[in-house]
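Trainee: 3D, please:
(2 chains)
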Amino acid sequence: MNMAKLLQVSDLRVEFLTGRGTVRAVGGVAFQLDRGEVFALVGESGCGKSTTALAVMRLVPPPGRILGGSIRLRGDDLLTLDEDSMTQVRGRHIAMIFQNPMVSLNPVYRAGAQVQEAIVLDQVPKNEAWRRAVDLLGRVYIADPAHRALSYPHELSGGMRQRVMTGMMVSRQPDLLIADEPTTALDVTIQAQVLDLLLELRDRTGMALLIITHDLGIVAEIADRVGVMYAGSLVEQGPVFDIFEEPLHPYTRLLMRALPRLTKGQGSLHTIPGQVPSLIQLPPGCPFHPRCPDRMEICSTKMPGLTVPAGGREVACYLHGVGERQ
Amino acid sequence: MKLELAQREVNGSRNARSWRTILLGNGQLMAGVFIFALVMAVALFADGLALRPYDAMDLGNRLQPPGTGGPLGTDQFGRDLFSRVVYGSRIALRVGLIVVTIETVLGVTMGLFAGYYGGWVDRVIASVTDVTWALPPIVLALAIVTALGPSLNNVIIAIALVSWAGYARLIRTKTQGLKNMPFVEAARALGESDLSIMFRYILPNTFGLVIVLATLSLPGAILSTTALSFLGLGSQPPAPDWGVILNEGIRHLYDAPWISVFPGLAIVCTALGFNLLGEGLRDVLDPRMKV
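Mentor: Residues are numbered from 1 along each chain as shown, chains lettered A, B, ... in the order given. Below you'll find the predicted structure:
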């Protein structure tokens, strides 16, 4: 049983049925996570990374639906569970922090009460839960937790709210914490604090982290492995150092080049020419081929499968051999 | 510098928003609270205030005008009108509170379910509320009371059944907005069940609205029940229901108008008081009014 990976997502497909057509938000994404591992999903806005995260929680909002694939938590497929069992999984096994801490807390309850509420879900008596909630607020570096627990969300700063949220989500000691752009709404110093907090919680509890972000700086700072998403597909994944050092997929290469560097201060910023394709009408073949500097004839007709060059990496590009499309 | 000043002003006005400031700054609310407190006090201390039991007849002192026959005069059986009106406040308040409680619980629950689940649940509840709204409430209530038989309890049931639809609609709309808030999504991610999300996350966020709705519908409830009592379908004589007294006075409208006038004034004052209270509360609780 312990042989199974903590989380194993394969061939995940999510669609949104809209008035203008079917949006293929996620098309066959596969990745896995070990205990204590930090995996980052990066990509531009609308590339399907948040939808992938929500799909893992089975919280894709209508009109979206999970079409197929499997999401295995310790070998058990979450997609086959009924809704009641899934409710048991949420919070207990997989928890999630959201992008906007300003509105992710219930405005009518005190901060401590919200953490307490989460702990009570595990049949802990109320006063014991309150004690643990205050303790937890201290551990997410809220100064004077006993006093702050009595504050309402609007009395807390954005960073504090995100930390209360984090405290709330880790209160049930989940095996996997998904953080959807956890620091986007925060300023840079607070960003660093929240990231440090996440890593520290990982070290202490052994939980795995799935970070969704478009910020490569965050990826470099905390991820062990990275998956790069483009137009609903995972185009490349591998250890963070390798991906930054030697990106294999042309999209990843261009993405890295688009990063502003403090060391080479001169010149204009690099951009990737062209636009992200509409997810309603994906181009045939590789979704990146219209913008790709290295495109070949086959790219516009057949979708490349994942090839495994070496060193735990995967890349979906014909430059690196013909892989099998699963 | 300017920013600092503005900031200080904001802080100042926020600190100053104590209950006393809110109350004194809003004439409507103050008047409402005053009348509300007065009616409550009269109802609570009715035993001490009343000069005689409400049903004590004194046939030698029939139809005495205010002054000679007690503060508000006497009715056709020589009963002290002041005592009857004072005791009537108990009936009015009790009935009003019960009706409002029933319609609030019913309407809010329906609205929560309709707004949260949407789909066919929403359509069923929406059709029921539309049908209720399409019929004149008093006529519908009359029909229900006629079916159940005349009594105060049946009037309470009837009025509550015809008036919950308004709550359901407003709470439904509010719920639709709240269910997409990130904190609701967070609750789901935390493993909360649908029922728990509805009643522990969404419901408390509607309390401001519910308080205002309840206060504003209380006078309506009192008016409707006294109207049905006036028509002889609610409280039965000799109960000192304001509607019953009003009805009894109709026959003596020319020779002893005070019998109808005073319970009428009591109804008007109470309804006005609760309306002012409700409007005032709405102003105070309206988030757009806050800094």
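
Trainee: low-scoring stretches of the stretch 1-150 of chain B, by residue?
Mentor: Along the stretch 1-150 of chain B, the parts satisfying pLDDT under 70 run over B:1-20, B:22-23.

Trainee: could you pull out the helices for it?
Mentor: B:2-15, B:19-24, B:27-44, B:46-49, B:81-117, B:119-134, B:137-148 (DSSP state H, counting those that start in this stretch).

Trainee: which parts of the fourth one are buried?
Mentor: Taking 16 or more other CB atoms under 10 Å in any protein chain shown as the neighbour-count basis, helix B:46-49 is seen to contain the buried residues residue B:46. Every C-beta, even on glycine, is put in place using the N, C-alpha and C of the backbone.

Trainee: Now do the contacts for residue A:42.
Mentor: When contacts are counted by CB atoms under 8 Å, 6 or more residues apart in numbering or on different chains, residue A:42 touches A:49, A:213-216, A:219, A:226-229, A:255.

Trainee: In TSV: the residues you listed, plus secondary structure, neighbour count and pLDDT.
Mentor: Output for those, formatted as TSV (DSSP: H, G, I helix; E, B strand; the rest coil; neighbours: other CB atoms under 10 Å in any protein chain shown; pLDDT from 0 to 100):
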residue	secondary structure	neighbour count	pLDDT
A:49	helix	29	88
A:213	strand	23	90
A:214	coil	17	87
A:215	coil	15	86
A:216	helix	20	87
A:219	helix	22	89
A:226	strand	27	93
A:227	strand	25	92
A:228	strand	28	92
A:229	strand	25	91
A:255	helix	23	86
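
Trainee: follow-up on the earlier one: looking at the helices of the stretch 1-150 of chain B, which is nearest to residue A:19?
Mentor: Of all the helices of the stretch 1-150 of chain B, helix B:119-134 sits nearest to residue A:19, with 18.2 Å by CB to CB.

Trainee: outside of the closest one, which residues touch it?
Mentor: With contact meaning CB under 8 Å, 6+ apart, helix B:119-134 is reached by B:110-111, B:113-115, B:140, B:162, B:164-166, B:168-169, B:172.

Trainee: The same query, at a cut-off of 10 Å, please.
Mentor: By CB atoms under 10 Å, 6 or more residues apart in numbering or on different chains, the residues outside helix B:119-134 that reach it are A:62, B:107, B:109-117, B:140, B:161-169, B:172, B:176.

Trainee: Give me the pLDDT for the closest residue to chain A within the stretch 51-200 of chain B.
Mentor: Proximity to chain A, evaluated over the stretch 51-200 of chain B using CB to the nearest CB, is greatest for residue B:191 at 3.0 Å. pLDDT for residue B:191: 87.

Trainee: need the contact list for the residue lying closest to it once chain neighbours are set aside.
Mentor: Once flanking residues are discounted, residue B:191 sits nearest to residue A:91: 3.0 Å by CB to CB, 6 or more residues apart in numbering or on different chains. With contacts defined as CB under 10 Å, 6+ apart, residue A:91 is in contact with A:57, A:118, A:121-122, A:168-169, A:171-174, B:186-192.

Trainee: how far away is residue A:91 from residue A:105?
Mentor: Counting by CB to CB, to the nearest Å, the separation of residue A:91 from residue A:105 is 15 Å.

Trainee: Please apply the same query to residue A:187.
Mentor: Distance, residue A:187 to residue A:105, by CB to CB: 19 Å.

Trainee: center of the chain - which residue?
Mentor: Picked chain A for this. residue A:212 (2.8 Å; CA atoms, centre = their mean).

Trainee: wrong chain, I was asking about chain B
Mentor: In chain B, the centroid-proximal residue (CA atoms, centre = their mean) is residue B:218; its distance is 0.9 Å.

Trainee: Check the gap between it and residue B:230 for me.
Mentor: According to CB to CB, residue B:218 stands 18 Å off from residue B:230.

Trainee: quick one: the strands in the stretch 151-300 of chain A?
Mentor: A:176-180, A:208-213, A:225-230, A:233-239 (DSSP state E, counting those that start in this stretch).

Trainee: Same list, those, but as CSV with distance to residue B:213 please.
Mentor: Putting these into CSV (distance: least, CB to CB, whole Å) gives the following:
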stretch, distance to residue B:213
strand A:176-180, 36
strand A:208-213, 41
strand A:225-230, 47
strand A:233-239, 50
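
Trainee: possible to save the ones you listed as CSV with distance to chain B?
Mentor: Output for these, formatted as CSV (distance: least, CB to the nearest CB, whole Å):
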stretch, distance to chain B
strand A:176-180, 8
strand A:208-213, 13
strand A:225-230, 21
strand A:233-239, 23
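
Trainee: So for residue A:273, which of those strands sits nearest?
Mentor: With distances scored as CB to CB, the stretch of the strands of the stretch 151-300 of chain A nearest to residue A:273 is strand A:225-230 (14.5 Å).

Trainee: partner strands of that closest one, parallel or antiparallel?
Mentor: Sheet pairing of strand A:225-230 (DSSP bridges) gives strand A:38-42 (parallel), strand A:233-239 (antiparallel).

Trainee: which of the ones you listed has the lowest average pLDDT?
Mentor: Confidence, taken as mean pLDDT, is least for strand A:233-239 of the strands paired with strand A:225-230 (a mean of 89).

Trainee: What is the burial count for residue B:265?
Mentor: 14 (other CB atoms under 10 Å in any protein chain shown).

Trainee: Tell me what angle the helix or strand that it is a member of forms with helix B:81-117.
Mentor: Using DSSP states H and E, residue B:265 maps to helix B:258-285. Helix B:258-285 runs at 40 degrees relative to helix B:81-117, counting by axes from the mean of the first three to the mean of the last three CA atoms, to 10 degrees.

Trainee: Mind checking the pLDDT average for helix B:258-285?
Mentor: For helix B:258-285, mean pLDDT rounds to 88.

Trainee: Return the distance of it from the chain's centre.
Mentor: Chain-centre distance of helix B:258-285: 10 Å, with CA atoms, centre = their mean, to the nearest Å.

Trainee: so that helix versus helix B:27-44, what angle?
Mentor: Angle of helix B:258-285 versus helix B:27-44, following the same axes, to 10 degrees, is 130 degrees.

Trainee: Could you pull out the buried residues of helix B:258-285?
Mentor: B:258-264, B:266-267, B:270-271, B:273-282, B:284.

Trainee: again, but for stretch A:18-28
Mentor: A:23-28.

Trainee: Tell me the secondary structure at residue A:32.
Mentor: Three-state call for residue A:32 (DSSP: H, G, I helix; E, B strand; the rest coil): strand.

Trainee: can you check the one 4 residues further on too?
Mentor: Applying three-state DSSP to residue A:36 yields a three-state assignment of coil.

Trainee: any idea of the pLDDT on the closest residue to it other than its chain neighbours?
Mentor: Among residues not flanking residue A:36 along the chain, residue A:206 sits closest, at 4.8 Å (CB to CB, 6+ apart). Residue A:206 carries a pLDDT value of 88.

Trainee: Tell me the residue of chain A that sits nearest chain B?
Mentor: Closest point on chain A to chain B, by CB to the nearest CB, is residue A:91, at 3.0 Å.

Trainee: Read off the pLDDT value for the closest residue in space to residue A:92 that isn't next to it in sequence.
Mentor: Leaving aside its sequence neighbours, residue A:92 sits nearest to residue A:172 (CB to CB, 6+ apart; 5.3 Å). Per-residue confidence (pLDDT) for residue A:172: 86.
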